[in-house]
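Q: Generate a structure from the sequence data that follows.
(2 chains, ligands or ions: 3)
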Amino acid sequence: MKDSARLTRREFMVKSFTAISTVYIIPDLIPKAVASKPLDAEVSAKTEWAINVDVTKCVDGCTACVDACVDENGLYGFDRPETDSQWIRKLQIKDIRTEQVTTLPMMCQHCENPPCVDVCPTGASFRREDGIVMVNQHTCIGCRYCMMACPFKARSFVHENLTEQVTSSPRGKGCVESCNLCVNRIDHGSETTACEEACMKEGHNAITFGDLANPDSRVSLAIKTKPSRRLREDLKLKQRVTYSGF
Amino acid sequence: MPQLTKILAIAIMVFIPISSYSHDNEKHSLIGESKADKLDQCVEPTEVMQKKHFEFLYHQRDNTVEKGIRTKNHSLANCIDCHVSHDEKGEAIPVNAEGQFCQTCHVKTAVNIDCFTCHATVPRDSASKIKSTGYNKNIHIESAAHNLVKYYKENEYER
Ligand code: SF4
Ligand code: SF4
Ligand code: SF4
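A: Ligands and ions are numbered 1, 2, ... in the order given. From the prediction side, this is the model:
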(Lines give C-alpha, C1' and ligand atoms only; values in the text may rest on other atoms or scores of the structure.)
(Ligands and ions follow the chains in the order given, each with its own letter.)
Protein backbone atom coordinates (compact mmCIF):
# COMPACT_ATOMS: atom_id res chain seq x y z
CA MET A 1 0.00 0.00 0.00
CA LYS A 2 2.67 2.39 1.08
CA ASP A 3 4.67 1.50 -1.97
CA SER A 4 1.91 2.20 -4.42
CA ALA A 5 1.12 5.52 -2.79
CA ARG A 6 4.72 6.55 -3.15
CA LEU A 7 4.76 5.50 -6.79
CA THR A 8 1.62 7.44 -7.54
CA ARG A 9 3.01 10.53 -5.94
CA ARG A 10 6.21 10.24 -7.90
CA GLU A 11 4.33 9.63 -11.10
CA PHE A 12 2.21 12.66 -10.40
CA MET A 13 5.26 14.85 -9.87
CA VAL A 14 6.95 13.54 -12.96
CA LYS A 15 3.85 14.04 -15.05
CA SER A 16 3.20 17.55 -13.86
CA PHE A 17 6.83 18.44 -14.41
CA THR A 18 6.62 16.98 -17.89
CA ALA A 19 3.48 18.94 -18.66
CA ILE A 20 4.96 22.20 -17.41
CA SER A 21 8.29 21.69 -19.11
CA THR A 22 6.61 20.83 -22.39
CA VAL A 23 4.82 24.15 -22.35
CA TYR A 24 7.31 26.49 -20.76
CA ILE A 25 10.84 25.23 -20.46
CA ILE A 26 12.16 22.88 -23.07
CA PRO A 27 12.31 24.34 -26.57
CA ASP A 28 11.36 22.18 -29.50
CA LEU A 29 14.65 22.10 -31.35
CA ILE A 30 15.09 18.53 -32.54
CA PRO A 31 12.15 16.53 -33.80
CA LYS A 32 11.19 13.44 -31.83
CA ALA A 33 12.25 9.97 -32.83
CA VAL A 34 8.78 8.56 -32.19
CA ALA A 35 5.91 7.82 -29.89
CA SER A 36 6.77 5.03 -27.47
CA LYS A 37 4.47 2.09 -26.84
CA PRO A 38 3.13 0.95 -23.47
CA LEU A 39 5.13 -1.89 -21.89
CA ASP A 40 2.35 -4.43 -22.24
CA ALA A 41 1.63 -3.73 -25.91
CA GLU A 42 2.95 -5.83 -28.76
CA VAL A 43 5.16 -4.18 -31.32
CA SER A 44 3.42 -3.57 -34.61
CA ALA A 45 4.21 -2.68 -38.18
CA LYS A 46 2.85 0.79 -37.50
CA THR A 47 6.33 1.64 -36.27
CA GLU A 48 9.22 1.36 -38.69
CA TRP A 49 12.51 1.85 -36.91
CA ALA A 50 15.30 3.12 -39.09
CA ILE A 51 18.67 4.83 -39.04
CA ASN A 52 20.17 7.32 -41.44
CA VAL A 53 23.91 7.90 -41.45
CA ASP A 54 25.31 11.12 -42.88
CA VAL A 55 28.82 10.09 -43.85
CA THR A 56 29.91 13.68 -44.45
CA LYS A 57 29.51 14.28 -40.72
CA CYS A 58 31.22 11.09 -39.60
CA VAL A 59 34.67 11.97 -38.31
CA ASP A 60 37.78 9.97 -39.11
CA GLY A 61 39.26 8.51 -35.92
CA CYS A 62 36.10 8.94 -33.83
CA THR A 63 34.75 5.73 -32.33
CA ALA A 64 32.10 7.16 -30.01
CA CYS A 65 29.30 5.04 -31.48
CA VAL A 66 31.31 1.85 -31.24
CA ASP A 67 32.28 2.54 -27.62
CA ALA A 68 28.71 3.41 -26.71
CA CYS A 69 27.44 0.16 -28.20
CA VAL A 70 30.02 -1.80 -26.22
CA ASP A 71 28.95 -0.03 -23.02
CA GLU A 72 25.25 -0.36 -23.63
CA ASN A 73 25.31 -4.04 -24.44
CA GLY A 74 28.25 -5.18 -22.32
CA LEU A 75 30.21 -6.31 -25.37
CA TYR A 76 33.53 -6.61 -23.64
CA GLY A 77 36.00 -8.75 -25.54
CA PHE A 78 38.94 -10.99 -24.86
CA ASP A 79 41.46 -8.94 -26.80
CA ARG A 80 41.01 -11.23 -29.75
CA PRO A 81 39.84 -8.93 -32.53
CA GLU A 82 39.30 -11.79 -34.96
CA THR A 83 36.57 -13.35 -32.86
CA ASP A 84 35.39 -10.72 -30.37
CA SER A 85 31.80 -9.59 -30.85
CA GLN A 86 31.23 -6.41 -32.74
CA TRP A 87 27.77 -5.01 -33.36
CA ILE A 88 28.93 -1.80 -34.95
CA ARG A 89 32.28 -0.99 -36.52
CA LYS A 90 33.94 1.87 -38.32
CA LEU A 91 34.72 1.36 -41.99
CA GLN A 92 36.95 3.35 -44.27
CA ILE A 93 35.95 3.46 -47.90
CA LYS A 94 37.86 4.93 -50.78
CA ASP A 95 36.34 6.05 -54.03
CA ILE A 96 38.61 4.49 -56.64
CA ARG A 97 37.96 7.30 -59.14
CA THR A 98 38.39 10.33 -56.92
CA GLU A 99 40.58 8.76 -54.22
CA GLN A 100 38.29 10.35 -51.69
CA VAL A 101 38.31 8.56 -48.34
CA THR A 102 35.20 8.43 -46.17
CA THR A 103 34.60 6.74 -42.84
CA LEU A 104 31.25 5.39 -41.74
CA PRO A 105 29.70 3.30 -38.99
CA MET A 106 28.48 -0.10 -40.10
CA MET A 107 26.00 -2.15 -38.15
CA CYS A 108 23.21 -4.59 -38.99
CA GLN A 109 21.29 -2.87 -41.76
CA HIS A 110 17.91 -4.22 -40.62
CA CYS A 111 16.93 -5.48 -44.04
CA GLU A 112 13.26 -5.73 -44.90
CA ASN A 113 14.17 -8.83 -46.94
CA PRO A 114 16.80 -10.23 -44.61
CA PRO A 115 18.86 -13.13 -45.99
CA CYS A 116 19.90 -13.99 -42.43
CA VAL A 117 16.27 -14.79 -41.65
CA ASP A 118 15.79 -16.78 -44.86
CA VAL A 119 18.61 -19.18 -44.07
CA CYS A 120 18.05 -19.72 -40.35
CA PRO A 121 17.02 -23.37 -39.79
CA THR A 122 15.37 -22.75 -36.43
CA GLY A 123 13.63 -19.43 -36.92
CA ALA A 124 15.90 -17.89 -34.32
CA SER A 125 16.97 -15.17 -36.69
CA PHE A 126 13.81 -13.18 -37.14
CA ARG A 127 12.40 -9.81 -38.04
CA ARG A 128 10.20 -8.14 -35.48
CA GLU A 129 7.02 -6.44 -36.66
CA ASP A 130 8.59 -3.02 -36.23
CA GLY A 131 11.49 -3.93 -38.51
CA ILE A 132 14.20 -4.85 -36.01
CA VAL A 133 16.10 -7.91 -37.21
CA MET A 134 17.49 -9.85 -34.28
CA VAL A 135 18.45 -13.26 -32.94
CA ASN A 136 16.26 -15.12 -30.50
CA GLN A 137 19.09 -16.58 -28.48
CA HIS A 138 16.76 -19.01 -26.76
CA THR A 139 16.41 -20.92 -30.02
CA CYS A 140 19.65 -20.14 -31.83
CA ILE A 141 21.74 -23.30 -32.24
CA GLY A 142 24.90 -21.50 -33.28
CA CYS A 143 25.09 -22.90 -36.80
CA ARG A 144 26.23 -19.50 -38.12
CA TYR A 145 24.38 -19.81 -41.44
CA CYS A 146 23.13 -16.28 -40.88
CA MET A 147 26.66 -14.97 -40.58
CA MET A 148 27.46 -16.46 -43.98
CA ALA A 149 24.29 -15.09 -45.52
CA CYS A 150 24.68 -11.51 -44.30
CA PRO A 151 26.31 -9.42 -47.03
CA PHE A 152 27.40 -6.80 -44.51
CA LYS A 153 29.31 -8.95 -42.02
CA ALA A 154 26.99 -7.59 -39.38
CA ARG A 155 26.86 -10.61 -37.10
CA SER A 156 29.20 -12.04 -34.51
CA PHE A 157 29.40 -15.39 -32.81
CA VAL A 158 30.14 -15.71 -29.12
CA HIS A 159 32.99 -18.20 -28.79
CA GLU A 160 33.62 -18.11 -25.08
CA ASN A 161 31.88 -18.27 -21.74
CA LEU A 162 30.75 -14.83 -20.62
CA THR A 163 30.14 -13.67 -17.08
CA GLU A 164 29.61 -9.91 -16.94
CA GLN A 165 26.51 -9.48 -19.08
CA VAL A 166 24.34 -6.43 -18.45
CA THR A 167 20.73 -7.06 -17.51
CA SER A 168 19.35 -5.35 -20.57
CA SER A 169 21.44 -7.35 -23.00
CA PRO A 170 21.61 -11.08 -22.28
CA ARG A 171 24.22 -12.86 -24.39
CA GLY A 172 26.21 -16.03 -24.16
CA LYS A 173 28.44 -18.65 -25.67
CA GLY A 174 27.20 -20.55 -28.68
CA CYS A 175 24.85 -17.91 -30.04
CA VAL A 176 25.05 -15.41 -32.82
CA GLU A 177 24.31 -11.78 -32.07
CA SER A 178 24.14 -8.45 -33.84
CA CYS A 179 22.88 -4.90 -33.51
CA ASN A 180 19.24 -5.01 -32.39
CA LEU A 181 18.69 -1.25 -32.56
CA CYS A 182 19.06 -1.16 -28.78
CA VAL A 183 15.78 -3.00 -28.55
CA ASN A 184 15.61 -2.96 -24.76
CA ARG A 185 16.02 0.78 -24.52
CA ILE A 186 13.57 1.42 -27.33
CA ASP A 187 10.92 -0.85 -25.84
CA HIS A 188 11.29 1.00 -22.56
CA GLY A 189 10.54 4.28 -24.26
CA SER A 190 13.95 5.61 -25.19
CA GLU A 191 14.01 8.19 -27.93
CA THR A 192 17.44 7.23 -29.10
CA THR A 193 19.89 4.38 -29.55
CA ALA A 194 23.19 4.33 -27.71
CA CYS A 195 25.19 5.00 -30.89
CA GLU A 196 23.03 7.93 -31.94
CA GLU A 197 23.17 9.39 -28.47
CA ALA A 198 26.96 9.11 -28.39
CA CYS A 199 27.31 10.66 -31.83
CA MET A 200 25.10 13.57 -30.77
CA LYS A 201 27.04 14.03 -27.55
CA GLU A 202 30.24 14.28 -29.55
CA GLY A 203 28.52 16.97 -31.56
CA HIS A 204 28.86 15.12 -34.86
CA ASN A 205 25.22 14.20 -35.46
CA ALA A 206 26.10 11.71 -38.17
CA ILE A 207 23.65 9.05 -36.96
CA THR A 208 19.92 9.73 -36.96
CA PHE A 209 17.49 7.23 -35.52
CA GLY A 210 13.71 7.23 -35.66
CA ASP A 211 10.40 5.97 -36.93
CA LEU A 212 10.05 6.00 -40.72
CA ALA A 213 6.28 5.59 -40.50
CA ASN A 214 6.03 8.94 -38.79
CA PRO A 215 6.69 11.74 -41.33
CA ASP A 216 7.76 14.14 -38.57
CA SER A 217 10.30 11.87 -36.90
CA ARG A 218 13.98 12.76 -36.92
CA VAL A 219 14.94 10.09 -39.41
CA SER A 220 12.09 10.92 -41.81
CA LEU A 221 13.09 14.57 -41.81
CA ALA A 222 16.74 13.65 -42.33
CA ILE A 223 15.89 11.50 -45.32
CA LYS A 224 13.57 14.13 -46.72
CA THR A 225 16.21 16.87 -46.60
CA LYS A 226 19.06 14.98 -48.22
CA PRO A 227 19.44 12.17 -50.71
CA SER A 228 20.15 8.84 -49.08
CA ARG A 229 20.85 5.39 -50.38
CA ARG A 230 21.23 1.84 -49.28
CA LEU A 231 24.46 -0.08 -49.55
CA ARG A 232 24.49 -2.70 -52.30
CA GLU A 233 21.13 -1.62 -53.61
CA ASP A 234 21.47 -4.28 -56.32
CA LEU A 235 20.75 -6.96 -53.71
CA LYS A 236 17.27 -5.50 -53.15
CA LEU A 237 17.34 -6.17 -49.42
CA LYS A 238 15.55 -2.90 -48.63
CA GLN A 239 17.64 -2.10 -45.60
CA ARG A 240 16.24 0.24 -42.96
CA VAL A 241 19.68 1.70 -42.44
CA THR A 242 20.47 4.24 -45.13
CA TYR A 243 23.53 6.35 -45.88
CA SER A 244 23.66 9.94 -47.09
CA GLY A 245 26.49 11.97 -48.54
CA PHE A 246 28.42 9.68 -50.84
CA MET B 1 0.45 -48.20 14.42
CA PRO B 2 1.06 -48.38 10.65
CA GLN B 3 -1.82 -45.94 10.30
CA LEU B 4 -0.13 -43.51 12.66
CA THR B 5 3.08 -43.76 10.67
CA LYS B 6 1.16 -43.08 7.49
CA ILE B 7 -0.52 -40.04 8.95
CA LEU B 8 2.78 -38.82 10.28
CA ALA B 9 4.44 -39.36 6.93
CA ILE B 10 1.68 -37.48 5.13
CA ALA B 11 1.83 -34.69 7.66
CA ILE B 12 5.56 -34.38 7.18
CA MET B 13 5.25 -34.49 3.40
CA VAL B 14 2.59 -31.81 3.38
CA PHE B 15 3.96 -29.42 5.95
CA ILE B 16 7.70 -29.59 5.65
CA PRO B 17 7.97 -28.24 2.11
CA ILE B 18 5.40 -25.56 2.75
CA SER B 19 6.96 -24.35 5.96
CA SER B 20 10.54 -24.53 4.77
CA TYR B 21 9.88 -22.69 1.51
CA SER B 22 7.12 -20.36 2.58
CA HIS B 23 7.46 -16.73 1.76
CA ASP B 24 6.32 -15.29 5.04
CA ASN B 25 9.17 -13.20 6.28
CA GLU B 26 11.61 -16.02 6.01
CA LYS B 27 15.03 -15.76 4.59
CA HIS B 28 15.31 -16.98 1.03
CA SER B 29 18.97 -17.63 0.84
CA LEU B 30 21.46 -19.00 3.27
CA ILE B 31 23.79 -16.05 2.92
CA GLY B 32 22.85 -12.36 2.78
CA GLU B 33 19.54 -10.52 2.70
CA SER B 34 17.20 -9.86 -0.21
CA LYS B 35 14.15 -7.68 -0.83
CA ALA B 36 12.07 -10.84 -1.18
CA ASP B 37 12.84 -11.76 2.44
CA LYS B 38 10.65 -8.91 3.57
CA LEU B 39 7.67 -9.47 1.29
CA ASP B 40 4.57 -11.53 2.04
CA GLN B 41 4.46 -13.31 -1.28
CA CYS B 42 5.92 -13.33 -4.75
CA VAL B 43 4.08 -12.12 -7.88
CA GLU B 44 1.84 -15.19 -7.54
CA PRO B 45 0.99 -17.28 -4.47
CA THR B 46 4.00 -19.19 -3.17
CA GLU B 47 2.68 -22.64 -4.06
CA VAL B 48 2.02 -21.51 -7.62
CA MET B 49 5.48 -20.01 -7.91
CA GLN B 50 7.12 -23.17 -6.61
CA LYS B 51 5.49 -25.31 -9.25
CA LYS B 52 5.18 -22.98 -12.18
CA HIS B 53 7.85 -20.29 -12.09
CA PHE B 54 9.50 -21.77 -15.12
CA GLU B 55 6.29 -21.76 -17.12
CA PHE B 56 5.88 -18.06 -16.36
CA LEU B 57 9.43 -17.33 -17.41
CA TYR B 58 9.08 -19.40 -20.54
CA HIS B 59 5.92 -17.59 -21.57
CA GLN B 60 7.38 -14.21 -20.78
CA ARG B 61 10.61 -14.79 -22.67
CA ASP B 62 8.76 -15.53 -25.92
CA ASN B 63 6.49 -12.55 -25.49
CA THR B 64 9.43 -10.32 -24.76
CA VAL B 65 11.77 -11.43 -27.49
CA GLU B 66 9.25 -11.86 -30.26
CA LYS B 67 6.59 -9.30 -29.46
CA GLY B 68 8.49 -6.72 -27.45
CA ILE B 69 6.23 -7.03 -24.42
CA ARG B 70 8.18 -5.75 -21.43
CA THR B 71 5.84 -6.16 -18.48
CA LYS B 72 7.65 -6.68 -15.20
CA ASN B 73 5.63 -9.29 -13.35
CA HIS B 74 7.15 -12.41 -14.85
CA SER B 75 10.38 -10.99 -16.13
CA LEU B 76 13.62 -12.67 -15.11
CA ALA B 77 15.27 -9.30 -14.54
CA ASN B 78 12.61 -8.52 -11.99
CA CYS B 79 13.03 -11.91 -10.28
CA ILE B 80 16.71 -11.20 -9.85
CA ASP B 81 16.11 -7.66 -8.72
CA CYS B 82 14.03 -8.91 -5.82
CA HIS B 83 15.66 -12.22 -4.98
CA VAL B 84 19.28 -11.20 -5.15
CA SER B 85 20.94 -11.13 -1.72
CA HIS B 86 23.39 -8.56 -0.49
CA ASP B 87 26.29 -9.26 1.81
CA GLU B 88 27.31 -7.08 4.78
CA LYS B 89 29.12 -4.67 2.47
CA GLY B 90 25.97 -4.25 0.38
CA GLU B 91 27.43 -6.09 -2.60
CA ALA B 92 24.97 -8.17 -4.60
CA ILE B 93 25.67 -11.92 -4.53
CA PRO B 94 24.89 -13.75 -7.80
CA VAL B 95 21.56 -15.62 -7.52
CA ASN B 96 23.22 -18.79 -8.80
CA ALA B 97 26.03 -18.75 -6.25
CA GLU B 98 26.16 -21.43 -3.60
CA GLY B 99 23.55 -20.94 -0.89
CA GLN B 100 21.62 -18.38 -2.92
CA PHE B 101 17.94 -18.38 -3.81
CA CYS B 102 18.00 -20.04 -7.22
CA GLN B 103 20.90 -22.33 -6.59
CA THR B 104 19.85 -23.82 -3.23
CA CYS B 105 16.60 -25.18 -4.53
CA HIS B 106 17.96 -26.25 -7.89
CA VAL B 107 20.76 -28.19 -6.30
CA LYS B 108 18.31 -29.88 -3.99
CA THR B 109 16.04 -30.90 -6.85
CA ALA B 110 18.96 -31.67 -9.20
CA VAL B 111 17.71 -29.37 -11.94
CA ASN B 112 20.34 -27.48 -13.85
CA ILE B 113 19.63 -23.78 -14.44
CA ASP B 114 20.44 -22.62 -17.93
CA CYS B 115 19.36 -19.00 -17.60
CA PHE B 116 22.63 -17.65 -16.30
CA THR B 117 24.95 -18.61 -19.09
CA CYS B 118 23.43 -15.56 -20.81
CA HIS B 119 21.46 -13.57 -18.26
CA ALA B 120 22.99 -11.35 -15.59
CA THR B 121 22.97 -12.90 -12.12
CA VAL B 122 22.92 -9.60 -10.24
CA PRO B 123 21.04 -6.41 -11.15
CA ARG B 124 23.49 -4.99 -13.63
CA ASP B 125 21.78 -2.48 -15.84
CA SER B 126 23.50 -0.57 -18.51
CA ALA B 127 23.33 3.01 -17.36
CA SER B 128 20.87 4.13 -19.94
CA LYS B 129 17.99 1.83 -19.18
CA ILE B 130 14.82 3.78 -19.25
CA LYS B 131 12.30 4.11 -16.48
CA SER B 132 9.22 2.55 -17.89
CA THR B 133 6.46 4.97 -16.96
CA GLY B 134 6.50 6.42 -20.45
CA TYR B 135 6.67 9.91 -19.08
CA ASN B 136 9.37 11.01 -21.44
CA LYS B 137 7.21 10.54 -24.47
CA ASN B 138 5.69 14.00 -24.33
CA ILE B 139 8.90 15.84 -23.76
CA HIS B 140 10.03 17.95 -26.62
CA ILE B 141 13.64 17.41 -27.25
CA GLU B 142 16.42 19.82 -26.70
CA SER B 143 19.50 19.57 -28.85
CA ALA B 144 21.63 18.11 -26.09
CA ALA B 145 21.39 14.37 -26.37
CA HIS B 146 21.17 13.75 -22.65
CA ASN B 147 17.64 15.05 -22.69
CA LEU B 148 16.65 12.23 -24.98
CA VAL B 149 17.40 9.66 -22.37
CA LYS B 150 16.08 9.63 -18.87
CA TYR B 151 18.43 7.80 -16.60
CA TYR B 152 16.92 6.02 -13.73
CA LYS B 153 17.84 3.94 -10.82
CA GLU B 154 15.49 1.15 -10.15
CA ASN B 155 14.90 1.24 -6.43
CA GLU B 156 11.48 -0.11 -5.98
CA TYR B 157 10.28 -3.56 -6.61
CA GLU B 158 7.50 -3.39 -9.15
CA ARG B 159 4.63 -5.75 -8.73
S1 SF4 C 1 22.38 -6.63 -42.35
FE2 SF4 C 1 22.84 -8.80 -42.23
S3 SF4 C 1 22.23 -9.40 -40.17
FE4 SF4 C 1 21.27 -7.42 -40.59
S5 SF4 C 1 19.23 -7.92 -41.42
FE6 SF4 C 1 20.58 -7.67 -43.18
S7 SF4 C 1 21.33 -9.73 -43.59
FE8 SF4 C 1 20.47 -9.78 -41.53
S1 SF4 D 1 23.40 -19.20 -35.93
FE2 SF4 D 1 21.43 -19.11 -34.83
S3 SF4 D 1 20.35 -17.33 -35.73
FE4 SF4 D 1 22.05 -17.84 -37.12
S5 SF4 D 1 21.15 -19.21 -38.67
FE6 SF4 D 1 22.00 -20.54 -37.06
S7 SF4 D 1 20.30 -20.88 -35.59
FE8 SF4 D 1 19.71 -19.13 -36.90
S1 SF4 E 1 21.58 0.71 -32.41
FE2 SF4 E 1 22.31 0.01 -30.40
S3 SF4 E 1 22.91 -2.11 -30.77
FE4 SF4 E 1 22.76 -1.15 -32.79
S5 SF4 E 1 24.83 -0.42 -33.25
FE6 SF4 E 1 23.74 1.28 -32.29
S7 SF4 E 1 24.26 1.11 -30.10
FE8 SF4 E 1 24.77 -0.88 -31.05
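
Q: can you give me the helices for chain A?
A: Here chain A has its helices, by DSSP state H, at A:2-20, A:64-73, A:115-119, A:145-149, A:183-187, A:194-201, A:218-225.

Q: weakest of the ones you listed in terms of mean pLDDT?
A: Comparing mean pLDDT across those, the weakest is helix A:2-20, with a mean of 53.

Q: What separation do you get for the nearest residue to B:Asp125 once chain neighbours are set aside and ligand 2?
A: Spatial nearest neighbour of B:Asp125, chain neighbours left out: A:Thr167 (5.0 Å); criterion: C-beta to C-beta, 6 or more residues apart in numbering or on different chains. All C-beta spots, glycine's among them, are computed from the backbone N, C-alpha and C. Per C-beta to the nearest ligand atom, to the nearest Å, A:Thr167 is found 22 Å from ligand 2.

Q: Check A:His159 too.
A: 13 Å.

Q: what sits against that residue?
A: Neighbouring residues of A:His159 by C-beta atoms under 8 Å, 6 or more residues apart in numbering or on different chains: A:83, A:173.

Q: With A:Arg80 as the reference, measure out to it.
A: 8 Å (C-beta to C-beta, to the nearest Å).

Q: From what I see, A:Gly245 and A:Ile93 are in contact.
A: No: A:Gly245 lies out of contact with A:Ile93 (C-beta atoms under 8 Å); the separation is 11.8 Å.

Q: what's the overlap in contacts for the two?
A: Shared contacts of A:Gly245 and A:Ile93, counting by C-beta under 8 Å, 6+ apart, come down to A:Thr102.

Q: B:Asn63 reaches B:Ile69, doesn't it?
A: Yes: B:Asn63 lies in contact with B:Ile69 (C-beta under 8 Å); the separation is 4.2 Å.

Q: Which residue, neighbours along the chain excluded, lies closest to the spatially most central residue of chain A?
A: Chain A has A:Leu181 as the residue nearest its centroid, 2.4 Å off, counting by C-alpha atoms, centre = their mean. Excluding the flanking residues, the one nearest A:Leu181 by C-beta to C-beta, 6+ apart is A:Ile132, at 4.9 Å.

Q: Give me the residue ranges of chain B where confidence is low.
A: B:1-2, B:4-27, B:126-159 (pLDDT under 70).

Q: can you give me the strands for it?
A: Assigned by DSSP state E, chain B shows strands spanning B:33-34, B:85-86, B:92-93.

Q: between these, which gets nearest to chain A?
A: For those, proximity to chain A was assessed by C-beta to the nearest C-beta; strand B:92-93 is nearest, at 11.4 Å.

Q: Mind listing the residues bridging to A:Lys90?
A: A:Pro105 (DSSP bridges).

Q: what residues are up against it?
A: Under the criterion of C-beta under 8 Å, 6+ apart, the contact list for A:Lys90 reads A:62-63, A:65-66, A:103-106.

Q: Out of the helices and strands in chain A, which is least certain?
A: helix A:2-20 (a mean of 53; mean pLDDT, DSSP states H and E).

Q: Contacts only, for B:Cys82.
A: B:34-36, B:39, B:157.

Q: Of those, just say which sits nearest to A:Lys46.
A: B:Tyr157 (32.7 Å; C-beta to C-beta).

Q: thinking again about what came up before, thought the residue nearest to B:Asp125 was touching B:Cys118?
A: No: judged on C-beta under 8 Å, A:Thr167 makes no contact with B:Cys118 at a distance of 11.2 Å.

Q: if you count what's nearby, which of those two comes out ahead?
A: Neighbour totals were compared for A:Thr167 and B:Cys118, and A:Thr167 leads with 23 against 18 (other C-beta atoms under 10 Å in any protein chain shown).

Q: Report pLDDT for that one.
A: 90.

Q: Roughly how far does it sit from B:Asp37?
A: Counting by C-beta to C-beta, the gap from A:Thr167 to B:Asp37 is 21 Å.

Q: likewise B:Asp114?
A: Distance, B:Asp114 to B:Asp37, using C-beta to C-beta: 26 Å.

Q: Who has more neighbours out of these two?
A: With neighbours defined as other C-beta under 10 Å, B:Asp114 and B:Asp37 compare such that B:Asp37 has more, 17 against 10.

Q: ok, now how distant is the more buried one from chain A?
A: Between B:Asp37 and chain A the distance is 16 Å, computed by C-beta to the nearest C-beta, to the nearest Å.

Q: Looking at the strands of chain B, which is nearest to A:Cys116?
A: strand B:92-93 (36.1 Å).

Q: Partner strands of the closest one and their direction?
A: Strand B:92-93 is paired, per DSSP bridges, with strand B:85-86 (antiparallel).

Q: Could you list the residues in contact with the strand it pairs with?
A: So strand B:85-86 is contacted by B:28-29, B:31-34, B:92-93, B:95, B:100-101 (C-beta under 8 Å, 6+ apart).

Q: A:Val135 is in contact with A:Ala124, correct?
A: Yes: here A:Ala124 reaches A:Val135: they are 5.6 Å apart, a contact under C-beta under 8 Å.

Q: Residue ranges in chain A under the pLDDT threshold?
A: The low-confidence ranges in chain A, as defined by pLDDT under 70, are A:1-36.

Q: all strands of it, in order?
A: Under DSSP E, chain A gives strands at A:49-54, A:88-94, A:101-107, A:125-127, A:133-135, A:156-157, A:176-177, A:207-211, A:228-229, A:241-244.
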